[in-house]
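S.K.: Here's a sequence, model it:
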Amino acid sequence: MAKLSKRQKAFEGKVDPEKTYSVEESAALAKECATSKFDESIDLAFYLGVDPRHADQMVRGSVSLPHGTGKSMRVIVFCKQEEQIKAALDAGAQEAGGEELFQKVQDGWTDFDACVAAPDMMAFVGRLGKVLGPRGLMPSPKAGSVTPNVGEAVGEIMKGKIEFRVDKNANVHVAVGKASFTPEQIIENAETVISTIMKARPAACKGTYLKACTMSSTMGPGLHMDPASLTGQYK
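M.R.: From the prediction side, this is the model:
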């Protein structure tokens, strides 16, 4: 039998691995288990009954968190019109520009959290798929990050709008706040994300859509929630 670490021993008695928790219980316990010296992230992990290899079963979109992520977002914007560059920078973008920014990212710079692009820049941005794609940073019209209104898009991201996308193993990971948030803030953010994920169910998905959902802090244990209960509550 594997020896429990000091951190795992600290969680014993607090978390029942056989129990399913409500959103409210998960938020309170996730905070309680976030005992690191840094402000741990509170995350939701979903396991979905879709096959991401098929385009008609792709789950992707964006959601605006009522209380933000608790993280200072670094946003870059691909655009070439002067008014768009000004609007992006005024809204808080870290960098905005055309070919020079494209070249910088193509050379491997990815020190940012989100990416917005004007439609007329997608011919360039599409060539950055190998750099942006694996990091989940590729702009998408569906997620609202390909738009002529780049300043507005940046503003929404800065206020708490985040993108999500199912990975090749049918998992979706979304941050819903920080351990420093109140339980109520975590609950409201989590409920918003769960509802959005449920509404994003592809028409081609047959059978059970939500197979598992877990909340955890960065260093804490996973708190399992009942998929059937969530499906009934947030459909």
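
S.K.: Of all the helix elements in the protein, which one is longest?
M.R.: helix 183-199 (DSSP state H).

S.K.: Pull that one out as CSV, backbone CA atoms only.
M.R.: C-alpha atoms of helix 183-199 as CSV (Å, rounded to 0.1, in the frame of the first residue of the first chain):
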residue,chain,number,x,y,z
PRO,A,183,-17.7,30.3,-1.4
GLU,A,184,-20.6,32.2,-3.0
GLN,A,185,-18.3,33.6,-5.7
ILE,A,186,-17.0,30.1,-6.5
ILE,A,187,-20.5,28.7,-6.5
GLU,A,188,-21.9,31.3,-8.9
ASN,A,189,-18.9,31.0,-11.3
ALA,A,190,-19.2,27.2,-11.2
GLU,A,191,-22.9,27.1,-11.8
THR,A,192,-22.4,29.5,-14.8
VAL,A,193,-19.8,27.2,-16.3
ILE,A,194,-21.8,24.0,-15.7
SER,A,195,-24.9,25.5,-17.3
THR,A,196,-22.8,26.6,-20.3
ILE,A,197,-21.2,23.2,-20.7
MET,A,198,-24.6,21.5,-20.6
LYS,A,199,-26.1,23.9,-23.2
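
S.K.: where's the most centrally placed residue in the chain relative to T214, distance?
M.R.: For the chain, V174 is the residue whose C-alpha lies nearest the centre (Cα atoms, centre = their mean; 3.5 Å). According to Cβ to Cβ, to the nearest Å, V174 stands 11 Å off from T214. Just so you know, the C-beta spots here come from the backbone N, C-alpha and C atoms, and that holds for glycine as well.

S.K.: what is in contact with the two at once?
M.R.: Residues touching both V174 and T214 (Cβ atoms under 8 Å, 6 or more residues apart in numbering): L44.

S.K.: who does the longest helix of the chain touch, helix- and strand-wise?
M.R.: Contact partners of helix 183-199 among helices and strands, from 3 or more Cβ pairs under 8 Å, 6 or more residues apart in numbering; DSSP states H and E: helix 23-33, strand 41-48, strand 60-64, strand 161-165, strand 171-178, strand 210-217, helix 227-234.

S.K.: hang on, C115 in a strand?
M.R.: Yes - the assignment for C115 (DSSP: H, G, I helix; E, B strand; the rest coil) places it in a strand.

S.K.: so what's it up against?
M.R.: 75-78, 125, 132, 137-139, 145.

S.K.: contacting residues for the closest residue to it other than its chain neighbours?
M.R.: In this structure, C115 finds its nearest non-sequential neighbour in L137, 4.8 Å apart by Cβ to Cβ, 6 or more residues apart in numbering. L137 makes contacts with 110, 112, 114-115, as judged by Cβ under 8 Å, 6+ apart.

S.K.: And for K142?
M.R.: K142 touches 60-61, counting by Cβ under 8 Å, 6+ apart.

S.K.: ditto for the one 4 residues further on
M.R.: V146 sits next to 116-119, 122, 139-140 when contact means Cβ under 8 Å, 6+ apart.

S.K.: With adjacent residues omitted, what lies nearest to P52?
M.R.: That would be V166: by Cβ to Cβ, 6+ apart, it lies 5.1 Å from P52.

S.K.: cool, and R53?
M.R.: K168 (7.7 Å).
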